[in-house]
Structure formats: structure tokens, C-alpha cells
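[1] This is the structure alone, sequence omitted:
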């Protein structure tokens, strides 16, 4: 059982904050490979995770080998397109 986690960032400007959740899942899987957090949770939790990620592909690819290396393109691939799309709405 895990009772808590602390994360210490040495350089906040370089920290991949949106990927921290996957680093935690990756390391938890190394510690407890017999425990699949998605298999242990209700289907509705999968749906919410997928909504936050924007697709179920991220969860599907990540859980194939439980490494962060399997998702960078899915996670950051459309950043340029997203920035272009939101530019008219940025006020500052």
C-alpha cells in the first residue's frame, strides 16, 4: 500500500508537468507489476482518464508496456496545431 508520494522538481521550467501522472504510473508498475490500476478501476474511470487525455489511444499505448516512452508523440504531437488554433483566444 502506498501512503503518499512527494515530487521534487529541480527546474520547474523544464519539468514536463502534464506527463508526471504517467511517470508515477510507470514507477508504480515497476514496484507492483502484478497490479494494473486500470484493471482495478471501474470502466467509468477509464472514460474520464481518456477524456482528460483526449483519446483512449494514450491509455491503450501506455498500458502495453507501462513506459512513458510509448506515448510522447501521442501526448505532444499536436502542440503546434493546438497553439495555432487557440492563438486568437489568448488575451495576454
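    Good, I have the coordinates. Computed from a predicted model, the values in this text were never measured in an experiment.

[2] Please identify which helix or strand holds the residue nearest to residue 67 when sequence neighbours are not counted.
    Spatial nearest neighbour of residue 67, chain neighbours left out: residue 26 (5.8 Å); criterion: Cβ to Cβ, 6 or more residues apart in numbering. The way it works is simple: take the backbone N, C-alpha and C, and place the C-beta from them, glycine included. When secondary structure is defined by DSSP states H and E, residue 26 falls within helix 20-31.

[3] Look at residue 38 and say how many residues are nearby.
    When neighbours are counted by other Cβ atoms under 10 Å, residue 38 registers 14.

[4] Hmm, it is touching residue 60, no?
    No: shown here, residue 38 and residue 60 do not form a contact pair, counting by Cβ atoms under 8 Å, at 9.8 Å.

[5] what's the spacing between the residue nearest the centre of the chain and residue 87?
    Taking Cα atoms, centre = their mean as the criterion, residue 22 is the residue nearest the geometric centre of the chain, at 4.1 Å. Using Cβ to Cβ, to the nearest Å, we find residue 22 at a distance of 27 Å from residue 87.
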